[in-house]
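Colleague: Would you be able to build a 3D model of this:
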Amino acid sequence: MADTIKPLLIKRYASRRLYNTETSDYVTLDDISGFIRDGREVQIVDLKSGDDLTRQYLLQIVAENESKGQSVLPLDVLTDLVRSYTTQANSVVPEFLKMSFDMLRQSQQKMMTPMTVVPGFEVMQKQQEAFLKAMTGGGWSVGTDTSDEPEPKADAPKADTTEMDEIRKQLKQMQDALNKLNG
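Modeller: Sure thing, here's the model as predicted:
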């Protein structure tokens, strides 16, 4: 049981070769990608310095898959990600992405068991609404019926409205898709 919780440790040698500590053999990025697709968590560390290189290698795997034509990330999402590194929005983007992928994962699980109700979905939806209200100054809701929601405050600080409108549009599309799955 402990093995499923503990990530697979991959050590990177000075030669940049990657070493699987469980099987005592060298692995490639394709191997690591396969471990992850099989549901395994991995941790990649530099042997000499002990630095965690996991993020760097996962981004490399994503970039290689995207360059091979296995596009998962739409161009506008990639553009927004790049933009988030240079704006004040970067403080909310990681949490937003995490919540979105958590919702996607839960929706996929629900599709696998279509006759059951996903426990906690309403709580998660309320948390997402609270997050969005905090992010947008309280003037926008995720729910489908917004007739009783207050209008945005006129004196509220204004973010780049073009970016916010695009984020709102994308969130609305995601919520509509989730609502179709839910009901």
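
Colleague: can you give me the helices in this structure?
Modeller: Using DSSP state H, the helices of the chain run over 2-5, 29-37, 54-67, 75-84, 93-112, 121-135, 161-182.

Colleague: Serialize those helices to CSV and add fields for mean neighbour count.
Modeller: All C-beta atoms are positioned from the backbone trio N, CA, C, and that covers glycine. Below are the helices of the chain laid out as CSV (neighbours: other C-beta atoms under 10 Å):
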stretch, mean neighbour count
helix 2-5, 7
helix 29-37, 14
helix 54-67, 13
helix 75-84, 13
helix 93-112, 13
helix 121-135, 15
helix 161-182, 14
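
Colleague: Throw these into a markdown table and include distance to R12 and mean pLDDT, thanks.
Modeller: Formatted as a markdown table, these follow (distance: least, C-beta to C-beta, whole Å; pLDDT from 0 to 100):
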| stretch | distance to R12 | mean pLDDT |
| --- | --- | --- |
| helix 2-5 | 22 | 54 |
| helix 29-37 | 11 | 93 |
| helix 54-67 | 8 | 92 |
| helix 75-84 | 25 | 81 |
| helix 93-112 | 24 | 79 |
| helix 121-135 | 36 | 71 |
| helix 161-182 | 36 | 77 |
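
Colleague: Can you tell me which of those is nearest to E22?
Modeller: helix 2-5 (8.5 Å; C-beta to C-beta).

Colleague: Domain ranges for this protein, per the record?
Modeller: Structural domains assigned to the chain are 2-67, 75-182, following automatic domain parsing.
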